[in-house]
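J.: Provided below are the primary sequence and the corresponding predicted coordinates.
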Amino acid sequence: MGTIYYGGSATPIHIEDRVLAHLKVVVATKLRRGESFTVSWQHPDGETRGRSTIWLHPSIPLRFVFDDPEPTELNRAWIEELAQSASTSGGIQLTEEQIESVEGDADNAPQTVAVADD
């Protein structure tokens, strides 16, 4: 489980490493361009029921911490989907990753990777 430390908040935001790795690419790209946007997610099981949204701006300190020391393999399509949503008025809505099946695979159904596992 990775962590985002956002602004001066003492409350860390916990997000599964794979999701965080994809989010980090989009956030870094948008902030490098000087663009602001929101990121929203539903609270995972085991936390207070509800959802949260943060406003990301280049002037707000931000740190990503990953539990896994090895970088994850990235899904380009998912990064593009997140980047497109960052440019909308609703901002990024963290959802499950849709993994395309490999052609010729016996199981053609898409797989999903949970946003957060507790």
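T.: Received, thanks.
J.: list the contacts for Tyr6?
T.: For Tyr6, the contacting residues are 13, 54, 60-62, by CB atoms under 8 Å, 6 or more residues apart in numbering. Just so you know, the C-beta spots here come from the backbone N, C-alpha and C atoms, and that holds for glycine as well.
J.: could I get stretch 29-38 in CSV with only the CA atoms?
T.: The C-alpha coordinates for stretch 29-38 follow below in CSV (Å, rounded to 0.1, in the frame of the first residue of the first chain):
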residue,chain,number,x,y,z
THR,A,29,3.0,15.5,-16.1
LYS,A,30,0.1,17.8,-15.3
LEU,A,31,1.9,19.7,-12.5
ARG,A,32,5.0,20.1,-14.7
ARG,A,33,2.8,21.9,-17.2
GLY,A,34,1.5,24.1,-14.4
GLU,A,35,-2.0,22.6,-14.6
SER,A,36,-4.3,22.2,-11.5
PHE,A,37,-6.9,19.5,-11.2
THR,A,38,-8.7,17.3,-8.7
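J.: now that we have the contacts of Tyr6, which of them are buried?
T.: For the contacts of Tyr6, a burial check counting by 16 or more other CB atoms under 10 Å picks out 13, 54, 62.
J.: just the element for the second one, please.
T.: Secondary structure from DSSP states H and E places Ile54 in strand 51-56.
J.: can you list contacts of that strand?
T.: For strand 51-56, contacts defined as CB under 8 Å, 6+ apart pick out 6, 13, 27, 30-31, 36-43, 62, 91.
J.: next structured bit after it?
T.: Per DSSP H and E, the helix or strand that comes after strand 51-56 is strand 62-65.
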